[in-house]
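[1] coordinates only, sequence not included:
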């Protein structure tokens with residue numbers, strides 16, 4: 001029984017050490033750096049963005065370019081807004097469904113979301129790259 005208690009004590013010591021060392025994650029920033037905050041669109045688009053886009057584009061997962069990541073968006077910007085809208089309309093397999101899953105979004109809202117993510121969230125001139 002003593003061997004088991006010794007092993008348990010070692011496991012608890014390691015777990016405690018990990019907890020202490022990871023305790024700074026997500027804290028007040030005094031003991032480390034925080035993850036970069038990603039922008040959110042203005043109020044009229046924020047609800048649709050959060051519901052349909054943020055899960056992938058907020059973090060840059062499943063092949064989606066992260067909002068605010070100029071390097072990831074550059075090749076998409078080069079295609080121009082009309083091409084981006086056509087791809088969003090059709091969906092981008094395997095992860096993005098048609099219209100980005102925003103089936104209730106009207107065309108103007110969908111265009112505004114794409115424009116904001118691909119251009120405006122990067123502080124780029126959205127009107128500079130609207131021709132494909």
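    Looks like it came in fine. Given the structure is predicted, the values throughout are model-derived calculations rather than measurements. Numbering: from 1, shown residues only.

[2] my read is residue 41 is in a helix, agree?
    No. Under DSSP: H, G, I helix; E, B strand; the rest coil, residue 41 falls outside any helix and is assigned coil.

[3] Below-threshold pLDDT in the protein: ranges please.
    Low-confidence segments of the chain (pLDDT under 70): 1-37, 124-132.

[4] quick one: the helices in it?
    2-22, 43-52, 54-57, 70-79, 81-90, 107-118 (DSSP state H).

[5] angle of the last one against helix 70-79?
    The one in question is helix 107-118. 130 degrees (axes from the mean of the first three to the mean of the last three Cα atoms, to 10 degrees).

[6] Buried residues, helix 107-118. List them.
    110, 111, 112, 113, 114, 115, 116, 117, 118 (16 or more other Cβ atoms under 10 Å). For the C-beta atoms, the positions are set from N, CA and C on the backbone; glycine is no exception.

[7] OK, contacts around the fifth one?
    When you say that, I think you mean residue 114. By Cβ atoms under 8 Å, 6 or more residues apart in numbering, the residues touching residue 114 are 81, 84, 85, 88.

[8] Ok, residue 76 next?
    Counting by Cβ under 8 Å, 6+ apart, residue 76 makes contact with 65, 84, 118.

[9] Pick out whichever of those sits closest to residue 105.
    For the contacts of residue 76, the residue nearest residue 105 by Cβ to Cβ is residue 84; the value is 14.9 Å.

[10] I'd like to know how many residues surround residue 106.
    Using other Cβ atoms under 10 Å, residue 106 has 9 neighbouring residues.

[11] and it, how far is that from residue 113?
    11 Å (Cβ to Cβ, to the nearest Å).

[12] so residue 96 sits right up against residue 84, yeah?
    No. Contact between residue 96 and residue 84 fails when scored by Cβ atoms under 8 Å: they sit 11.8 Å apart.

[13] Around residue 66, how many other residues sit close by?
    18.

[14] correct me, but it touches residue 38?
    Yes. Residue 66 sits in contact with residue 38 when judged by Cβ under 8 Å, with a separation of 6.6 Å.
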